[in-house]
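> Need coordinates for the below:
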Amino acid sequence: MKIKKGDTVIVIAGKDKGKKGEVKQTYKEINKIIVDGINLHSKFIKKGSGRPGQQIKIESPIQISNVMLIDPNTNKPTRVGYKKNDSGSKYRVSKKSGESVEKAISKSDKKKKTK
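Alright, predicted model coming up:
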């Protein structure tokens, strides 16, 4: 999957076309993602003991083919490719600018992930 959690994307098709948001969650098995503030649906909650009934807005998954990654350097939509560095590991690159779109991971973040 070329789009990951934390990426900024723009919607290119559907009712929210043109809106930007950050990816909150990815579903690799069904090729869908949840984007913050995009594809909102109403959910009605019945009243319960001590709380009133209410209507809330929730984000629903959107097909990954309906979004494009925003290039962090140019702030324009771009396709994503892969390149290998000297050590042989792959990283994502923007097709428009050729620059890496990976976020810099600090050493403290790496330690948190390994624990």
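> Does Lys90 touch Tyr82 like I think?
Yes. The pair Lys90 / Tyr82 is scored as a contact, 4.9 Å apart, by C-beta atoms under 8 Å. From N, CA and C alone the C-beta is placed, and that goes for glycine too.
> and the residue most central in space within the chain, what is it in contact with?
Centroid-nearest residue in the chain, with C-alpha atoms, centre = their mean: Val23, separated by 2.2 Å. Each residue near Val23 by C-beta atoms under 8 Å, 6 or more residues apart in numbering is listed here: 3-9, 33-36.
> Could I get the phi/psi values of Glu29?
When read as degrees, to the nearest 10, the backbone of Glu29 gives phi -70, psi -30.
> so where do the helices sit in this structure?
Counting by DSSP state H, residue ranges of the helices within the chain are 107-114.
> confidence score at the residue nearest to the centre of the chain?
Looking at Val23, its pLDDT stands at 96.
> Equivalent analysis for Lys103, please.
Looking at Lys103, its pLDDT is 68.
> Kindly report the same for Ile38.
Note on Ile38: pLDDT of 94.
> What of the one 4 residues further on?
The predicted structure scores Ser42 at 95 on the pLDDT scale.
> Surely it touches Lys57?
Yes. At 6.1 Å, Ser42 counts as touching Lys57 under the criterion of C-beta under 8 Å.
> Count the neighbours of Asn73 for me.
Neighbour count of Asn73, defined by other C-beta atoms under 10 Å: 14.
> Apologies, that question was intended for Val11.
Look at Val11: counted by other C-beta under 10 Å, it has 20 neighbours.
> Who is it paired with across the strands?
Beta-bridge partners recorded for Val11 (DSSP bridges): Val67.
> Quick check: the gap between it and Pro52.
Taking C-beta to C-beta, to the nearest Å as the measure, Val11 and Pro52 are separated by 33 Å.
> before we move on, what about Gly14?
Gly14 is 33 Å from Pro52, by C-beta to C-beta.
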